[in-house]
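Q: how would this look folded up:
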Amino acid sequence: MVNWRTVIIGFILAVVLSEFLGFIGLTIGAAFGSNGGNTGQIIGYLLATIYVGYSIDGNYINGAIYGAIIGFIGGLVSLIVTGAIFGTFVVTTGSLTVLVLESTLYGIIGAIGGIIGFIISVYFSRKEEPAV
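A: Down below sits the predicted model:
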């Protein structure tokens, strides 16, 4: 059964964190003469999908699937919103290819984050065995 609450919170976290950290990355990168926006977005997706993997019930496969879904769909929405805000999104074959490729990258990052989140949840849910 799909845990919609976790999916919605993860989706919102993914979009907000990626945009916020992407902006911070661009600001810091501009000060040092580099582009740190993509790094900030990747960290945002990784953090959001770690939350999803931590919160989801099941096994690591569920964490990976939910993380990938959040990463892919969140990446699509985030890239479209960013393009609409800054006026850089023009519908051409090249831009659609980049959109799909970047969203796929965020989906892979999301799957990795979901697995990491599941591993963290398993680690913190272990009960201490009494010493004999």
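Q: In terms of helices and strands, where is the most centrally placed residue in the chain?
A: With distances taken as CA atoms, centre = their mean, the residue of the chain nearest its centroid is Y45 (2.1 Å). Taking DSSP states H and E as the criterion, Y45 maps to helix 37-55.
Q: What helices and strands are in contact with whichever helix or strand comes after that helix?
A: The helix or strand immediately downstream of helix 37-55 is helix 60-86, counting by DSSP H and E. On a contact count with 3 or more CB pairs under 8 Å, 6 or more residues apart in numbering; DSSP states H and E, helix 60-86 meets helix 4-32, helix 37-55, helix 93-125. For every residue, glycine as well, the C-beta is placed using N, CA and C.
Q: and among the ones you listed, the most buried is which?
A: Burial of these is given as mean neighbour count (mean count of other CB atoms under 10 Å); helix 37-55 ranks first at a mean of 23.
Q: Please save the CA atoms from it in CSV.
A: The C-alpha trace of helix 37-55 is given here as CSV (Å, rounded to 0.1, in the frame of the first residue of the first chain):
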residue,chain,number,x,y,z
GLY,A,37,23.8,25.2,-8.4
ASN,A,38,23.6,21.6,-9.7
THR,A,39,25.5,20.4,-6.6
GLY,A,40,23.0,22.1,-4.3
GLN,A,41,20.1,20.5,-6.2
ILE,A,42,21.7,17.1,-6.0
ILE,A,43,22.2,17.5,-2.2
GLY,A,44,18.5,18.6,-1.9
TYR,A,45,17.2,15.5,-3.7
LEU,A,46,19.5,13.2,-1.7
LEU,A,47,18.3,14.7,1.6
ALA,A,48,14.6,14.5,0.6
THR,A,49,14.8,10.9,-0.6
ILE,A,50,16.8,9.9,2.5
TYR,A,51,13.8,11.1,4.4
VAL,A,52,11.5,9.1,2.2
GLY,A,53,13.5,5.9,2.6
TYR,A,54,13.7,6.4,6.3
SER,A,55,9.9,7.0,6.6
